[in-house]
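Asker: take this sequence and fold it.
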Amino acid sequence: MSSQPEHQWFDEARLGMFVHFGAYSVAARHEWVQNYERLTDAEYLPYVENFDPDRFDAGEIARTAKRLGAGYVVLTTKHHEGFALWNSRQSDFTAHAVCGRDLVREHVGALRAEGLRVGLYFSLIDWHHPDFLIDWVHPRRDDENAHELNAGRDMERYRAFMHAQLRELLTEYGQIDYMFFDFSYPEHKDGWDGKGPTDWGSEAMLAMCRELQPNMLVNDRLGIPGDFYTPEQYQPTEPVRRGGELVRWEACQTINGSWGYHRDNLDQKSAPLLAQMLTDSVSMGGNMLLNIGPDGRGAISPRDRAVLETLGEWTELHRGAIVGAGHAEFEPPREGAYTRRGNRLYLHLATWPLGYVHLPGLAGKVTFTRLLHDGSWLRTSESDPNSEGSQMEAAGQPAGTLTVHLPVQRPDVLMPVIELRLADGV
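Answerer: Here you go, the predicted structure:
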């Protein structure tokens, strides 16, 4: 895992916000709607022509991210349908051509105003471009003459176009801290070839990133090694390794089942579940990138806003257990998970036990214990490991166990966190 000082902000942040917004937001039924419904360009065009983000407020999104506790925000500059949110000189299939706005510039400026790191998402796929070869993820793949439609298409011309668009993003918006490319799929499937590093010119793209934005983090979806690994819609259950070495990673997650705005998808994750997912990420040494999909006019939906506000209240109270924290080598009790920041060990309790929680291996290693949300002290003790207990007294715990005594009433927070100050040298 890279230890470059310019990348340490990412390991400190632990939480980012993803923003999926584009013409698909007008369709309001998934960002892959053109693919899923096999829409032609003509059938998709009404969503582009009626793209009017009059309620898209990059400043409000940045402030929402800051209240959430996120340290960076990543905007989809262009998704797979090819509609660019900036004023690209390579195409008129852009938000600027439709509504006269450069949403990428608005995004970048708003983040800097709030002191947040700037992240951009850039699709390697472009279903709108006439030289992009039809493959097994293309909307036209099931047409009767689909293979014939590739006649005259030229991936070399497409690569030149895509690289030129990337260069615009890397040279016209100041310092970019983070780049999320999406995605490589080299497998042969359903009679079609996929696309991978050779198709994208991945080595040249990464070299361009290193030259033009030398401090920028780049993900691993070019199909070649990047700066961080990107599990999607699942949570690793242990620190992530590649080739036996620990790697930097970030789990990207939706609030519901869709990345882009989906009016009828009510499969909403609760704030307590998201707090648990964030804890899981940090406890395994990773980040969580939590997505919102603004609606067709660019506003954050009320249901998403409510979840974000509730989660943000928890992260504000428990910032020390998340920001700058990471994996702890101690064995956690069955009730929760640990994160660690310096000499502070944090126990995130997914369940609230009656009376006490037993912490293996921590006897004699803790100098002070408190509930983090209100700073209230908690009593600790060590029991005789040889005690068999009785009807009225619990049996002893294994040698080296620290027992933390808890109030009967569970604290009224999404997930209670106990802070344990470790002795010097622990």
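Asker: burial measure for Glu37, as a count.
Answerer: Residues lying near Glu37 (other C-beta atoms under 10 Å) number 13. For glycine as for every other residue, the C-beta is placed from the backbone atoms N, C-alpha and C.
Asker: measure stretch 361-371 end to end?
Answerer: Counting by C-alpha to C-alpha, to the nearest Å, you get 20 Å between the two ends of stretch 361-371.
Asker: buried set for that stretch?
Answerer: 362-363, 365-366, 369, 371 (16 or more other C-beta atoms under 10 Å).
Asker: residues in contact with it?
Answerer: 330-331, 345, 376-380, 382, 399-402, 404, 411, 416-423, 426 (C-beta atoms under 8 Å, 6 or more residues apart in numbering).
Asker: just the ones of the buried residues of stretch 361-371 in strands?
Answerer: 366, 369, 371 (DSSP state E).
Asker: in CSV, list these along with distance to Phe181.
Answerer: Formatted as CSV, these follow (distance: C-beta to C-beta, whole Å):
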residue, distance to Phe181
Val366, 44
Thr369, 44
Leu371, 42
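Asker: which parts of the stretch 51-200 of the chain are strands?
Answerer: 72-78, 117-123, 178-182 (DSSP state E, counting those that start in this stretch).
Asker: out of those, flag the one nearest Pro302.
Answerer: strand 72-78 (20.0 Å; C-beta to C-beta).
Asker: are there helices or strands packed against that closest one, and which ones?
Answerer: helix 8-13, strand 15-19, helix 58-68, helix 103-113, strand 117-123, strand 178-182 (3 or more C-beta pairs under 8 Å, 6 or more residues apart in numbering; DSSP states H and E).
Asker: to Glu335, which of the ones you listed lies closest?
Answerer: That would be strand 15-19 among the helices and strands packed on strand 72-78, by C-beta to C-beta, at 23.1 Å.
Asker: contacts for the next helix or strand after that closest one?
Answerer: Where DSSP states H and E defines the elements, the next helix or strand beyond strand 15-19 is helix 24-27. Helix 24-27 has contacts (C-beta under 8 Å, 6+ apart) with 30-34, 47, 50-51, 79, 81, 260-261, 293-296, 298.
Asker: contact partners for Pro385?
Answerer: Counted by C-beta under 8 Å, 6+ apart, Pro385 has contacts 396-399, 401.
Asker: pLDDT value on it, please?
Answerer: At Pro385, the model reports a pLDDT of 88.
Asker: would you say it is within a strand?
Answerer: No - per DSSP: H, G, I helix; E, B strand; the rest coil, Pro385 lies outside any strand segment and is coil.
Asker: please identify the deepest-packed of the strands of the stretch 51-200 of the chain.
Answerer: Among those, ranked by average contacts under mean count of other C-beta atoms under 10 Å, first place goes to strand 72-78 (a mean of 27).
Asker: show me what contacts the residue nearest in space to the middle of the chain?
Answerer: In the chain, the centroid-proximal residue (C-alpha atoms, centre = their mean) is Leu289; its distance is 1.4 Å. Under the criterion of C-beta under 8 Å, 6+ apart, the neighbours of Leu289 are 15-18, 74, 250-253.
Asker: and if you look at Ala321?
Answerer: If you count contacts by C-beta under 8 Å, 6+ apart, then Ala321 has 279, 282, 339, 341, 346, 348, 372, 417, 419 around it.
Asker: make a markdown table out of these and add neighbour count.
Answerer: Converted to a markdown table, the contacts of Ala321 look like this (neighbours: other C-beta atoms under 10 Å):
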| residue | neighbour count |
| --- | --- |
| Thr279 | 27 |
| Val282 | 28 |
| Thr339 | 28 |
| Arg341 | 18 |
| Tyr346 | 24 |
| His348 | 25 |
| Leu372 | 21 |
| Val417 | 25 |
| Glu419 | 20 |
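Asker: quick check, nearest of those to Phe122?
Answerer: Val282 (26.9 Å).
Asker: wait, that closest one touches Gly320, no?
Answerer: No - under the criterion of C-beta atoms under 8 Å, Val282 makes no contact with Gly320, lying 11.4 Å away.
Asker: contacts only, for the residue lying closest to Gly201 once chain neighbours are set aside.
Answerer: Spatial nearest neighbour of Gly201, excluding adjacent residues (C-beta to C-beta, 6 or more residues apart in numbering): Arg159 at 4.7 Å. Applying C-beta under 8 Å, 6+ apart, one finds that Arg159 lies in contact with 199-201.
Asker: by neighbour count, which of those residues wins?
Answerer: Neighbour max across these (other C-beta under 10 Å) = Trp200, 25 neighbours.
Asker: which pLDDT value belongs to that one?
Answerer: 99.
Asker: contacting residues for it?
Answerer: Applying C-beta under 8 Å, 6+ apart, the residues near Trp200 are 124, 159, 162, 184, 222-223.
Asker: of those residues, which belong to helices?
Answerer: 159, 162 (DSSP state H).
Asker: closest one of the contacts of Trp200 to Ala151?
Answerer: Out of these, the member with the shortest distance to Ala151 (by C-beta to C-beta) is Arg159, at 18.7 Å.
Asker: got a pLDDT number for that closest one?
Answerer: pLDDT, read off for Arg159, is 99.
Asker: now do Ser91
Answerer: 98.
Asker: burial count for it?
Answerer: Count around Ser91 with other C-beta under 10 Å applied: 17.
Asker: list the contacts of it.
Answerer: Here Ser91 is in contact with 82, 84, 129, 161, 165 (C-beta under 8 Å, 6+ apart).
Asker: what's the domain layout of this structure?
Answerer: What automatic domain parsing lists as the domains of the chain is 5-321, 336-422.
Asker: ok, back up a step: take the contacts of Pro385 and, keeping just the buried ones, write it as a ChimeraX select command.
Answerer: Of these, the buried ones go into a single ChimeraX selection, burial set by 16+ other C-beta under 10 Å:
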select :396,397,401
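Asker: what about Asn35, is that helix, strand or coil?
Answerer: helix.
Asker: without its sequence neighbours, what residue ends up closest to it?
Answerer: According to C-beta to C-beta, 6+ apart, the nearest residue to Asn35 is Pro139 (5.1 Å).
Asker: Glu12 too?
Answerer: Counting by C-beta to C-beta, 6+ apart, the residue nearest Glu12 is Gly324, at 4.8 Å.
Asker: pretty sure the one you found is in a helix, no?
Answerer: No - judged by three-state DSSP, Gly324 forms no part of a helix; its state is coil.
Asker: follow-up on the earlier one: determine which stretch of the domains of the chain is the most buried.
Answerer: Greatest burial across those, using mean count of other C-beta under 10 Å, falls to domain 5-321, with a mean of 19.
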